[in-house]
Every structure is written in C-alpha cells, then in structure tokens.
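**Student:** Can you look at this prediction? I've put the sequence above it.
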Amino acid sequence: MKAFDPYRILGISPEAKLEEIRRAFREKARQFHPDLGGKKELFLELKRSYEFLCERLSPSKLRILKERPQGGNYLLSFLDVTARELALGATVTVTVPAEERPCPYCKGRGHNPSGRKKTCLFCEGRGEIEFLGSQKHLKIVCPRCGGTGEILTDLCPHCRGRGEIAGERELSLKLPLGARPGDILYLPPQEEQEMDIYFELQVHPSGNLFFEGRKLLSRVVVPFWKFALGQSVEVETLEGWERIELPQEFQPGSLFRLPKRGPYQEDGTREDLLIRVEIIFPSDLPSKARKKLEEFAQIMEKEEEDAASGHRN
Ligand SMILES: [Zn+2]
Ligand SMILES: [Zn+2]
C-alpha cells in the first residue's frame, strides 16, 4: 500500500516552495493532459497533488503567537482541531460571537407572538384611529398596536424581551503552517469583524496520530510475534495508511522516523513523523498457539543452559 505522496507525483522535493510546485505542475500537466494523449487518472492525481500542496502553502489570516495577549479589548476563544488538521494547515470552520441582531422569533419587538394578548386600549381594538372634525375624514394605523388591535403581554422567550439576540458568525479559517498545541492564534480585525480574536488551540488526536508536546507521533500496535518475525507494520501517516518495513535493529520503546512526513513548519517544509511501536502480548492466546510458545520457550531455555555449560567447560 502506497500512501498519497503529492511530492513524488509532482516529482519535487518536500522542501519545494510554491513557485517550484507551480512550475512542476505546469510541466507535468503538459505531459499528462488527456487532450494531449495523457492518461486521465494520472492527470487527476497530478491535479489533486497540486491542489493539496497549494492549499497547504496558501497564506493564512491567522498568526501564531507564543503567549497570551495582555490587556486591551479582545476576544479569547477556543479552536478545536484534530492533530491532522493542525499538522497539515487545513481549513477549519469556527463559530465566533458577532454583533447583536434583531430576534427572529419576535422580529425585534420583544413580545411573544404566540403569548397572551389584550385589546389595545388606544384604538379600542379597531387597529386604526379616526380624526374627525376636520374637512377630511382622516384615518391612521394605531401607533400603539401597529394595526392589530391587540397588545402582546408576554415577553419573548428567545430574547427575554430584549428584541435582540447575540449574533454568531461562522468563519472559515486556514490554519497557519507551523502552529502547534499550546500556541495562541491571532486573527486581526476583518471586514465584518471589528475586534481582535485570539484562539487557544485545543488539539485532539485523529486516529493514531497525536501530538506529544510539539512533536507529531503515530502509534502502531503490533502483536509480539509479528514484531519478532520482523514483519512490516501498518502505519497511519498524514497521507493515509501505509505499510512500512521496520529497521532490523529497531527495538520496541524507541521511535523511528519517517523523514519529512510530519507536520508542516512555518517555512513550508516538513518535520519528521515519529512512529512509536507498541508491542502487545495478548493474554487469550489460542491453546494451540500457547503450546507452540511453550515449545519455543523450552528451546530457548535449552540454548541458554548449553551456552552456560559450554562456558564452564
Ligand atoms: Zn424575541
Ligand atoms: Zn391599537
């Protein structure tokens, strides 16, 4: 199984900057374009790779601060993201408080439209007021009840009579490259948002990927026999699952690295992805397997005894 590797597909190094990525795409696109006799699947893969990298390296409105803001008028909010989103500088949606807006339930009037009513005393329930006496017969809509002839007496349960509710706005934000758990992200005022917003990152594991401090790790769980027989392991990477051959000298408890496959750094290059292999010893082995394991233990004990007696002679 081969993971999605946009750099390999574009034939560039993981250090490549946007300009180089664009150039590589243009050149390869000419080669692979279906209109020019290229294979459609290859072209689509190329396009996907290009778009993936462009999104990674596109600018973010958010800036990384290493410490909390001090004083001033600002809003501090939380930004929940997964380890994968943070590592890849993904675009996430966040809800932030916005200005008050008229209550949609009472249309800003503050009264419960389906609550109790009483007759408007101003117009005596007619909804209009007549002015008599002048040459013209003048009628106007009752200013007290707005023409309904009734007055609502209960407060609107949604806005509690205020006629306004706190607004909320959804922002679609690209996470800046290089942000890590513990960082504060700063969003400067935008067109429709007048205040400074600071976000405290809350990073959740995604699958087997998680941050330990500022490092991204992928956890791999392998049963002891697979590990002892030197088989390869399935690893979850930022690009998906892939099969990886463990190095011969690898010992459980140590980490091994997938170079340049970890989270993006501020300059657009990538860190290493750290793989932590955990060996499990199932307690409920089938009896047949357990017998074999006992046989194995006997062979090893015999070997040790022989070696020890060999030393004595
Ligand atoms: Zn209301
Ligand atoms: Zn009235």
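**Tutor:** That came through fine. Ligands and ions are numbered 1, 2, ... in the order given.
**Student:** Check Ile151 and give its pLDDT.
**Tutor:** pLDDT, Ile151: 91.
**Student:** can I assume it is in contact with Lys118?
**Tutor:** Yes - shown here, Ile151 and Lys118 form a contact pair, counting by Cβ atoms under 8 Å, at 5.4 Å. All C-beta spots, glycine's among them, are computed from the backbone N, C-alpha and C.
**Student:** Which one of those two is surrounded by more residues?
**Tutor:** The neighbour comparison of Ile151 against Lys118 (other Cβ atoms under 10 Å) goes to Ile151, with 17 against 11.
**Student:** Next, work out how far apart the more buried one and ligand 2 are.
**Tutor:** Distance of Ile151 to ligand 2, computed by Cβ to the ion, to the nearest Å: 7 Å.
**Student:** and Val203, what is it in contact with?
**Tutor:** Taking Cβ atoms under 8 Å, 6 or more residues apart in numbering, we find Val203 in contact with 81-83, 86, 181, 211.
**Student:** Could you rerun that using 10 Å?
**Tutor:** 79-87, 179-183, 210-211 (Cβ atoms under 10 Å, 6 or more residues apart in numbering).
**Student:** Check Pro113 too.
**Tutor:** Pro113 touches 105-107, 152, 154, 156, counting by Cβ under 10 Å, 6+ apart.
**Student:** give me that answer again for 8 Å
**Tutor:** Residues in contact with Pro113 (Cβ under 8 Å, 6+ apart) are 105-107, 152, 156.
**Student:** Buried among those residues? Need that as a selection in ChimeraX.
**Tutor:** Buried residues among these (16 or more other Cβ atoms under 10 Å), as a ChimeraX selection:
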select :106,152,156
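**Student:** Mind checking which of the contacts of Pro113 are in strands?
**Tutor:** Judged by DSSP state E, the contacts of Pro113 include Leu152 as members of strands.
**Student:** Out of the contacts of Pro113, flag the one nearest to Lys174.
**Tutor:** Distance to Lys174 across the contacts of Pro113 (Cβ to Cβ) is lowest for Tyr105, with 35.1 Å.
**Student:** ok, how many other residues are close to Arg30?
**Tutor:** By the criterion of other Cβ under 10 Å, Arg30 has 10 neighbours.
**Student:** Give me the phi and psi angles of it.
**Tutor:** Torsion angles at Arg30 (phi, psi; degrees, to the nearest 10) stand at phi -60, psi -40.
**Student:** That one contacts Leu46, doesn't it?
**Tutor:** No - contact criterion Cβ under 8 Å: Arg30 and Leu46 do not qualify, at 10.6 Å.
**Student:** Which positions in this structure make contact with ligand 1?
**Tutor:** Residues of the chain lying close to ligand 1 by Cβ under 5 Å from the ion are 103, 105-106, 156, 158-159.
**Student:** and with 6 Å instead?
**Tutor:** Contact residues, the chain versus ligand 1 (Cβ under 6 Å from the ion): 103, 105-106, 110, 156, 158-159, 163.
**Student:** mind putting these in TSV, distance to Ile140 and pLDDT included?
**Tutor:** Compiled in TSV, the residues of the chain next to ligand 1 are given as follows (distance: Cβ to Cβ, whole Å; pLDDT from 0 to 100):
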residue	distance to Ile140	pLDDT
Cys103	27	91
Tyr105	28	91
Cys106	24	90
Gly110	23	91
Cys156	27	94
His158	31	91
Cys159	29	90
Gly163	24	91
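**Student:** Let me know the closest of these to Gln190.
**Tutor:** Comparing the residues of the chain next to ligand 1 against Gln190 with Cβ to Cβ places Cys103 closest, at 25.5 Å.
**Student:** quick one, what contacts the closest one?
**Tutor:** Under the criterion of Cβ under 8 Å, 6+ apart, the neighbours of Cys103 are 110, 156, 158-159, 162-165.
**Student:** Repeat that for Lys118.
**Tutor:** Neighbours of Lys118 in contact, by Cβ under 8 Å, 6+ apart: 150-151, 153.
**Student:** how about low-confidence regions in this protein?
**Tutor:** The chain contains residues with pLDDT under 70 at 1-2, 133-136, 311-313.
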